[in-house]
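> Sequence plus the predicted model coming up.
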Amino acid sequence: MTKYFLGTLLTTLFGCSVSNANTVEPPLSFYSLKARTLEGEEFDFAQLKGKRVLIVNTASECGFTPQYKELQALFDEAGGEQFVILGFPSNDYANQESGSDSEIKAFCEKNYGVTFLMMSKVHTKGSEQHPVYQWLTQKEKNGAKNAMVLWNFQKFLINEKGQWLSSHLSSVSPMNSTIRNFALGKQ
């Protein structure tokens, strides 16, 4: 059984992380990426140099939507100069994010007090996959691993050097010790 297959099997069955123990410089720099915020402003990932980053695809009508509360708690505890969370709403899974950017923003603020950075709605898979998610899921771009986004609230960790570290399934809490230790810089 290959290491990749075993890692994929463990991740699928048990929600374990798929990690890259041997971090390498990615073929495409993480810091060359850009995305739009919910407010429509361009966000240049070059601003993330030197920071630990958690990227999560979100949805307002999902069984995992209450993870917004945990994500906000993690951001309150660890966020700021060294750690950031980027939320990417997506309607790719069971049409669970059908709202406009302004509706998503209002929902997140009203129901969960979200203050971490939320991006404009994107596709996390398929022919219209956003470049950020191309980087997160394709080894030829991130230099580390191929990964599939299986559902809403899948989490990706990128270290302060812009290297892909791991992917965590929706069932893994943002307050899981691995993710929390990463956020706090206790890797």
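Happy to help now that I have it.

> ok, the spatially most central residue of the chain to E39 distance?
By CA atoms, centre = their mean, the chain has its centre lying nearest to I55, at 2.0 Å. Distance from I55 to E39, counting by CB to CB, to the nearest Å: 18 Å. Placement of C-beta: from N, CA and C, glycine included.

> which stretches of this structure form helices?
For the chain, the helices defined by DSSP state H occupy 3-14, 67-78, 101-112, 131-137, 139-142, 177-184.

> so the third one versus helix 67-78, what angle?
By that I understand helix 101-112. For helix 101-112 against helix 67-78, the angle by axes from the mean of the first three to the mean of the last three CA atoms, to 10 degrees is 70 degrees.

> burial of L38, as a residue count?
Number of residues near L38 (other CB atoms under 10 Å) recorded here: 22.

> hang on, it packs against S102?
Yes - counting by CB atoms under 8 Å, L38 does reach S102; the two are 7.4 Å apart.

> Tell me where the protein has strands.
18-19, 34-36, 42-44, 52-58, 83-89, 117-118, 155-158, 164-168 (DSSP state E).

> so where is this protein shaky, pLDDT-wise?
1-24 (pLDDT under 70).

> Can you report how many residues lie near the nearest residue to Y68 once chain neighbours are set aside?
Nearest residue to Y68 in three dimensions, chain neighbours excluded: Y112, at 3.8 Å (CB to CB, 6 or more residues apart in numbering). Using other CB under 10 Å, Y112 has 18 other residues around it.

> Return the residues in contact with Y112.
Y112 makes contacts with Y68, K69, Q72, as judged by CB atoms under 8 Å, 6 or more residues apart in numbering.

> Buried only: go through those for me.
Neighbour counting by 16 or more other CB atoms under 10 Å classes Y68, Q72 among the contacts of Y112 as buried.

> Between the contacts of Y112, which sits nearest N91?
Closest approach between these and N91, by CB to CB: Y68, at 16.4 Å.
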